[in-house]
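[1] here are the coordinates; sequence isn't available:
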């Protein structure tokens, strides 16, 4: 499984880093904590979220 930085996920989703963190906290995006501060987001969960958003928009 590939993980990306919060900043990269925010760019892919066209949202703020804070929004990505909120989505991860509520479980919409899969994330892992590395140490006390670093967070990585599952690239697959970002793709799935994008797909779901596109499907809901149509």
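    Happy to help now that I have it. Predicted, not measured: the structure shown is a model, and the values here were computed from it. Numbers count the residues shown, from 1 in each chain.

[2] and the contacts of the biggest helix by length in the chain?
    Scanning the chain for the longest helix, with DSSP state H as the assignment, gives helix 43-57. With contact meaning CB atoms under 8 Å, 6 or more residues apart in numbering, helix 43-57 is reached by 1, 2, 3, 4, 9, 12, 13, 23, 28, 29, 30, 31. Quick note: C-beta positions are derived from backbone N, CA and C, even for glycine.

[3] who's in contact with the closest residue to residue 16 other than its chain neighbours?
    Nearest non-adjacent residue to residue 16, counting by CB to CB, 6 or more residues apart in numbering: residue 10, 6.0 Å away. For residue 10, the contacting residues are 16, 17, 19, 20, by CB under 8 Å, 6+ apart.

[4] could you measure from residue 3 over to residue 46?
    Separation of residue 3 from residue 46 (CB to CB, to the nearest Å): 10 Å.

[5] got the phi/psi numbers for residue 28?
    Residue 28 adopts backbone torsions of phi -70, psi -30, taken as degrees, to the nearest 10.

[6] what is the neighbour count of residue 7?
    Under the neighbour criterion other CB atoms under 10 Å, residue 7 is assigned a count of 11.

[7] can you tell me the closest non-neighbouring residue to it?
    Excluding the flanking residues, the one nearest residue 7 by CB to CB, 6+ apart is residue 17, at 5.9 Å.

[8] state the number of residues packed around the one you found.
    Residue 17: 15 surrounding residues under other CB under 10 Å.

[9] for residue 39, same thing?
    Residues near residue 39, counting by other CB under 10 Å: 18.

[10] what lies in contact with the host helix or strand of it?
    Following DSSP states H and E, one finds residue 39 within strand 38-42. For strand 38-42, contacts defined as CB under 8 Å, 6+ apart pick out 1-6, 8-9, 20-21, 24, 29-34.

[11] may I see the buried residues of that strand?
    Of the residues in strand 38-42, 39, 40, 41, 42 count as buried by neighbour count, 16 or more other CB atoms under 10 Å.

[12] phi, psi of residue 5?
    Backbone torsions for residue 5, taken as degrees, to the nearest 10, come to phi -70, psi 160.

[13] what is it paired to in the beta sheet?
    Residues in a beta bridge with residue 5, per DSSP bridges, are residue 40.
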